[in-house]
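>>> Got a predicted model here, sequence first, then my questions.
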Amino acid sequence: MALILIADDSPTEIYVLKKILEKHQHTTITAEDGEQAVELAKSEKPDLVLMDVVMPKLNGFQATRRLSKDGETKDIPVVIVSSKNQETDKLWGMRQGAKGYLGKPVTEELLMNEINNLLAG
């Protein structure tokens, strides 16, 4: 299926997202901060990125902006998955180039619907 990059500084969150994705036959790679996420997106060219917001070095908004503005990575859809899920956070995330925004804790159904819609489109 798809190669999905999970960018999150929480080992628990990575574990949960990985389990869901692998159950649906997706392959995952992980980054622990925004900087590593940008580097991995450039080198591995994932089909989609799940991006946390609150991370060290580069936050998820900054990393999403970098990915969406870079010619190499601008076509990789980014879905922000964050506990920062106020309306203003969602608007700001979409402005940075995110294609989706899900609040934590995310349900398997919501996550897979979002991923399937973006990968199909």
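Looks like it came in fine.

>>> what's the nearest residue to Ala7 once chain neighbours are set aside sitting at in phi/psi?
Once flanking residues are discounted, Ala7 sits nearest to Ala37: 3.6 Å by CB to CB, 6 or more residues apart in numbering. All C-beta spots, glycine's among them, are computed from the backbone N, C-alpha and C. Dihedral pair for Ala37: phi -60, psi -40, per degrees, to the nearest 10.

>>> go on, Val78?
phi -110, psi 130.

>>> That one contacts Asp52, doesn't it?
No - the criterion here is CB atoms under 8 Å, and Val78 misses it with Asp52 at 11.1 Å.

>>> So the residue nearest the centre of the chain, which state does it fall into?
Relative to the mean C-alpha position of the chain, the nearest C-alpha, by CA atoms, centre = their mean, is the one of Leu50, at 1.5 Å. Using DSSP: H, G, I helix; E, B strand; the rest coil, the structure places Leu50 in strand.

>>> What does the pLDDT read for it?
Note for Leu50: predicted pLDDT of 98.

>>> And Pro56, by the same measure?
pLDDT, Pro56: 94.

>>> And Glu108, by the same measure?
According to the model, Glu108 scores 98 on pLDDT.

>>> The closest residue to it other than its chain neighbours: how many residues sit nearby?
Nearest residue to Glu108, sequence neighbours excluded (CB to CB, 6+ apart): Ile20, at 5.0 Å. With neighbours defined by other CB atoms under 10 Å, the count for Ile20 comes to 18.

>>> before we move on, what about the one 5 residues further on?
Neighbourhood size, Gln25 [other CB under 10 Å]: 8.

>>> What strand or helix carries it?
Under DSSP states H and E, no helix or strand contains Gln25.
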